[in-house]
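Undergrad: model this:
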Amino acid sequence: MRSRSPRETAALLVAGLLLAACERSPPVGKPAARRAAPAHPAARVLRLSPGVLDETVLKGGEERAYLLDLAAGRYAELVVEQQGIDVEVRLRASDGRVVAAVDSLNGMIGPEPLPWRPATARDRARVEAERSLAAGVRLYQEDKPSSLQAALALENEARARFRALGLPGREAEALFCLGSYHDRLAENEAAADFYRQALAIFDALGDEARVGVTLSNLGKLERNSGRAGPALALYRQALPLLRRSRNQPEEALGLSNLGRAAMDAGENGEALAAFEQALSLERSLGDRAAEGDTLSNLGLLETSLGQISRALDHLGQAVALQEARGDRRGLGVTLAEIGVARALGGHSRQEVQAAFQRALRLQREIGDRRDAVTLHNLGWYLYRVGEIPQAERILRQALAIFQAREERANEAGALVNLGGIDLERGRLAEAAASFTRARALAAEIGDPEKEAYALFGLARVHRATRRPAAALTAIEGATTRVEALRRKPVSLDLRMTFFASKQDIYDLRVDLLMDLHRREPRAGYDARALMASEEARARTLLDLLDKAHVQTVSSAARLTPASAPGFHEIQRQAAEPGTVVLEYYLGRERSFLWALTPGAIESFELPPREVLEAEARRAAFLLAASNQALARRQAELALAD
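TA: The predicted structure is shown next:
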């Protein structure tokens, strides 16, 4: 019996810029096993006898040997019950040849059976079924398309044999394997069908641990199909079952899966908490493989929230762990996300493209279908740096792949980026079609972030086609979705940087209102623009005050929408004769100044934020220098006296 290195977790989906200690009762009709002496050193060889239960502790890579006297024509059933470590069981003949080997896909939960009595025809049929099951697993672990097809045939054979033998638990394991193989082939409907059949049997048998694992795998399929809400519900259902199994590695995996689904659903606070709990468990267990996957996902979350420095730190830790293990699949995912984080962090083009290109090479070498996401994100980056024709070509390649695979979340992200290119090139009808389709997809799968970006794009199209009212409706819908997301994260630092990363949406809202004011000066759009500016400012100010503990507020209040003072309340501040209240808003393309007196409001257009900030820094430097000169002169005069 040999313990394996920590298991590879379920496959990760990159959101990127798309922007199994279970204890069971003895089987009925069999005598309960008596416990052997306490755990033995790993080097000791134990002679097995019927009804003896041996308990031992193994670490990753250790082996334990047992001696079994078995005459020809006899039948023995050996069960290795895994309690928190994934083991491979090998049966060797007296000459040392391996005559059977088992490493089921039940991960770290449940028995590894190896099929003491005279053998019957039924026993021989059982052995053949187990051999088919084990052979299929070995082929699956080769991770090649041709091997997976051969594995499917073997598992179908095993399932039919187990059903004919009346062994529902083993039939369920074969069904679970079939689901896993179809999952690896990205055949989601077939995978879900086999998982549901396995789930029904595990549930009928009262096997909570296997129910939990199967629910998690169904959640992964939902997530892969872009259905974040149903995926999150399945992971939430699975987690307490995994916890009750008292198997911390599977609990950690369940937490990590839940975190990914919560992130997709915009529940960033829940995602952050889940990843941190998973990391704590994985580190206490020394599960370096799982730790690497969770660090990669945590970095992805932090990237999406604008925490680039923190994200790159966690992603770098993940790369070190994945390279040490030779985890090429996980490494490809992490490198692709490093490319995104570097791009958002303003790193050099050479650094950004090196990460994307290394990720693509790895993913294509192993046939990882996530290469399409990496391809998309490379196109997104090229668009950012002005390589528009090359970016469009790559993004359209990625879009075609997403549509062929029915990956709706990724399709929505690609459509948003292609809509941006169409808009920039003046193809307004094509841009509107892309943004409209992206919004419908995002709303269907429950992705408020992508929906906000699609609405932002539609607002820009409406503005360009001189439909300011429609543009305002779209941008206010985008603002509502961004504000709902901004309140999701628990960490104040994350919440504030998230706000800043969506600044363009707030800028456009103020800008559109001021456009409407120029068209209809008496309609009050200037006051609405002022209030939009105040609402944006109040959101950040409330977070800053809360972080500094300037005022005492309840935890519930901290998550309520920030309220800005009303227009008339601001105007009352200028109630005294001769008083003027000045309000500024600094925008990317242009800024605004509002001057309020007791009975009137005037507005003025100012240069962009970048220009004003440069002038403000220059003025501050000159003022400081002049004050220093004045102080020196006063000191010289005092000394002279």
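
Undergrad: show me the residues around the residue lying closest to L335 once chain neighbours are set aside that make contact.
TA: Nearest residue to L335, sequence neighbours excluded (Cβ to Cβ, 6 or more residues apart in numbering): A359, at 3.8 Å. No exception for glycine: its C-beta is placed from N, CA and C like everyone else's. A359 makes contacts with G332, V333, L335, A336, G339, T374, as judged by Cβ atoms under 8 Å, 6 or more residues apart in numbering.

Undergrad: any idea which of these is closest to R518?
TA: G339 (42.2 Å; Cβ to Cβ).

Undergrad: wait, the closest one sits on L378?
TA: Yes. Under the criterion of Cβ atoms under 8 Å, G339 makes contact with L378 at 7.3 Å.

Undergrad: Can you pull the residues that touch both of the two?
TA: Joint contacts of G339 and L378 (Cβ under 8 Å, 6+ apart) are Q353, F356.

Undergrad: returning to what we had before: quick one: which of the contacts of A359 sit in helices?
TA: Within the contacts of A359, residues falling in helices by DSSP state H are G332, V333, L335, A336, G339, T374.

Undergrad: what's downstream of the host helix or strand of R163, the next helix or strand?
TA: Assessed by DSSP states H and E, R163 sits inside helix 145-165. Toward the C-terminus, helix 145-165 is succeeded by helix 168-184 as the next helix or strand (DSSP H and E).

Undergrad: which helices and strands does that next one pack with?
TA: helix 121-141, helix 145-165, helix 188-205, helix 208-224 (3 or more Cβ pairs under 8 Å, 6 or more residues apart in numbering; DSSP states H and E).

Undergrad: Would you indicate which residues of the helix or strand just after the shortest one are buried?
TA: It stands for helix 208-224. Downstream of helix 208-224, the next assigned helix or strand under DSSP H and E is helix 228-244. For helix 228-244, burial by neighbour count (16 or more other Cβ atoms under 10 Å) applies to 228, 230-236, 238-239, 241-243.

Undergrad: Now render those residues as a markdown table, adding distance to I388.
TA: Below are the buried residues of helix 228-244 laid out as a markdown table (distance: Cβ to Cβ, whole Å):
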| residue | distance to I388 |
| --- | --- |
| A228 | 31 |
| P230 | 37 |
| A231 | 35 |
| L232 | 37 |
| A233 | 41 |
| L234 | 41 |
| Y235 | 39 |
| R236 | 43 |
| A238 | 44 |
| L239 | 45 |
| L241 | 50 |
| L242 | 48 |
| R243 | 50 |
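
Undergrad: Out of those, which comes closest to R138?
TA: For these, the nearest to R138 is L242 (26.4 Å; Cβ to Cβ).

Undergrad: Could you pull up the contacting residues of that closest one?
TA: Per Cβ under 8 Å, 6+ apart, neighbours of L242: A209, G212, V213, S216, E250, E251, L253, G254.

Undergrad: And for the fifth one, nearest residue in space, chain neighbours not counted?
TA: In other words, E250. Using Cβ to Cβ, 6+ apart, the closest residue to E250 is L242 (4.8 Å).

Undergrad: what about the residue nearest to L335, distance to G254?
TA: Per Cβ to Cβ, to the nearest Å, A359 is found 27 Å from G254.

Undergrad: do E62 as well
TA: Counting by Cβ to Cβ - E62 and G254 are separated by 26 Å.

Undergrad: Which one of these two is surrounded by more residues?
TA: Shown here are E62 and G254; by other Cβ atoms under 10 Å, G254 has more neighbours (29 against 15).

Undergrad: in which helix or strand would I find the more buried one?
TA: Using DSSP H and E, G254 falls in helix 248-264.

Undergrad: same for that helix, what does it pack against?
TA: Going by 3+ Cβ pairs under 8 Å, 6+ apart, helix 248-264 lies up against helix 208-224, helix 228-244, helix 268-285, helix 288-304.

Undergrad: which regions of the stretch 501-641 of the chain lie under the pLDDT threshold?
TA: 501, 538-578, 625-641 (pLDDT under 70).

Undergrad: just the helices in it please.
TA: 503-519, 525-547, 555-558, 567-572, 609-640 (DSSP state H, counting those that start in this stretch).

Undergrad: which residues does the residue lying closest to F356 once chain neighbours are set aside contact?
TA: Distances taken as Cβ to Cβ, 6+ apart place G339 nearest to F356, at 4.0 Å, with adjacent residues excluded. With contact set as Cβ under 8 Å, 6+ apart, G339 has these partners: V352, Q353, A355, F356, A359, T374, N377, L378, Y381.
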